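K.L.:
following is a predicted model, sequence given first.
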Amino acid sequence: MADVDYGRIIYLVLLLAAVGSWVFVQNRQSLGKTVQQLAIWAFIFLGVIAGYGLWGDIRNTVRPQQSVINSTGQIEVPRSADGHYYLTLDINTVPITFLIDTGATDVVLNERDARRAGIDPDTLNYLGRANTANGEVRTASVWLDSISLGNITDSNVRVWVNQGELDQSLLGMAYLQRWSSIEIRNGALLLTR
């Protein structure tokens, strides 16, 4: 509070008092109605602030979440609002969210997700090359101890760490082909083992 500009605070208080006095004088015959309208605007203002503050919780409640159908042995992945399918897998026991990309050959981790999974991208040998929509990027091959989805675990899975710009890790066909069936039905991607 050492940087408080008391002159500005006094100015704002005087300005508020002047405007408040003017509103009071102009509306003294219908003061009850004016107070009612001010209360309505205050509630609208508080509602906007509350909505903004709670937007993350609201979005997580409304946004479809990944679900596991145990009785049929299927994994149901709802389509996201952006039209894509996202799946959260445990990579070396760390949850990583992947964009399901049937056009990708391999499982590709971006550097951020690789670090989260316990892989140090700075120590990898980027000997591979991959052609992407953004051009050619260098990649490094890594063998993971485990990839888990629900109660299904695959061990010793080869993935690639991308050295280029990649916002979202990709779940390509190298992992998807481990499932006996992949289908899209009623806005959801169904994986059957």
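P.N.:
Structure received.

K.L.:
shouldn't residue 23 be in contact with residue 34?
P.N.:
Yes - Residue 23 is within contact range of residue 34, at 6.9 Å (criterion: C-beta atoms under 8 Å). C-beta coordinates here come from the backbone N, C-alpha and C atoms, glycine included.

K.L.:
mind naming the longest strand for this protein?
P.N.:
strand 135-149 (DSSP state E).

K.L.:
so what sits opposite residue 181 in the bridge?
P.N.:
residue 192 (DSSP bridges).

K.L.:
what's the spacing between it and residue 126?
P.N.:
Distance from residue 181 to residue 126, counting by C-beta to C-beta, to the nearest Å: 35 Å.

K.L.:
cool, and residue 174?
P.N.:
19 Å.

K.L.:
residue 55 too?
P.N.:
39 Å.

K.L.:
same thing with residue 52?
P.N.:
From residue 52 to residue 126 the distance is 42 Å (C-beta to C-beta).

K.L.:
more neighbours: which of the two?
P.N.:
residue 126 (16 against 9; other C-beta atoms under 10 Å).

K.L.:
quick one: contacts for the more buried one?
P.N.:
Taking C-beta atoms under 8 Å, 6 or more residues apart in numbering, we find residue 126 in contact with 138-140, 161, 163.
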